[in-house]
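Asker: turn this into a model:
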Amino acid sequence: MFIIRKSADRGHFDHGWLDTYHTFSFADYYDPAHMGFRSLRVMNEDRVAPGGGFGMHGHRDMEIVTCVLSGALEHKDSLGHGEVLRPGEFQHMTAGHGIRHSEFNPSATEPVHLYQIWLLPRESGLPPSYSQKAFSPEGRADRWQLVASPDGVDSSLKIEQDTLIYLANIKSSGELTFDLAPGRHAWLQVLRGSANLNSNELTAGDGAAISNESKLSVAATAATEVMLFDLA
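Answerer: Below you'll find the model as predicted:
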């Protein structure tokens, strides 16, 4: 079963410094029909203007992952980390029993385009942590590249949830398949381009919730970037 969430149907707010789309209910956007999918709770696509950003604020009991598509995002947190996230890098933060952080666009001229995703953790009250890693673009060229997993397998980032996160760049007219184990679910998010997911047409910003399926087929109709979540 495929449930398609079209880009144009997402919650949208333009705050000037922040142009943001919410796949699921978030902040001032509330839709009881879209509160998340399995452990996925937030799927935000953000464009932050030069010099803009989120001041120091707190989180708890959430797994937060961030992927920058273009530009750069500067991160600082209460654990003492100070990093800049760029395209090709993937960031993970376990909020656990409490963490504070800020996120800013350090450029004076270039906007930053990113996805930020929140997942419910396997349990509450975990120790907070932060990790970040650069993943080679060649590693996801017409193939699935594992970037996060519950056990950090294959040099992926370790997240505190039974979820595997993959990235893939598929050339135009290329196709990738993915086998879902019995009882598993998936979410596919199109970051750029367009593709047919088991004959369902998807374009940039579209997502799909997938249940009771054993094999996924992603056929690109243009050069396409996707993020896939293999969920319990």
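Asker: can you list the buried residues in stretch 201-212?
Answerer: By 16 or more other CB atoms under 10 Å, the buried positions in stretch 201-212 come out as L202, T203, A204, G205, D206, G207, A208, A209, I210. For every residue, glycine as well, the C-beta is placed using N, CA and C.
Asker: SS state for the residue lying farthest from the centre of the chain?
Answerer: Within the chain, A108 marks the point farthest from the mean C-alpha position, 25.3 Å out by CA atoms, centre = their mean. Under DSSP: H, G, I helix; E, B strand; the rest coil, A108 falls in the coil class.
Asker: can you pull the contacts of it?
Answerer: Neighbour list for A108: P50, G51 [criterion: CB atoms under 8 Å, 6 or more residues apart in numbering].
Asker: kindly recompute the last result at 6 Å.
Answerer: By CB atoms under 6 Å, 6 or more residues apart in numbering, the contact set of A108 is P50.
Asker: and if you look at G80?
Answerer: G80 sits in contact with no residue, where contact means CB under 6 Å, 6+ apart.
Asker: helix, strand or coil: sort out it for me.
Answerer: G80 - assigned by three-state DSSP - is coil.
Asker: picking that back up, just the closest of the buried residues of stretch 201-212 to A95, please.
Answerer: Lowest distance from A95 to the buried residues of stretch 201-212 (CB to CB) belongs to G207, with 23.0 Å.
Asker: what domains does the record give for this protein?
Answerer: 11-134, 137-231 (automatic domain parsing).
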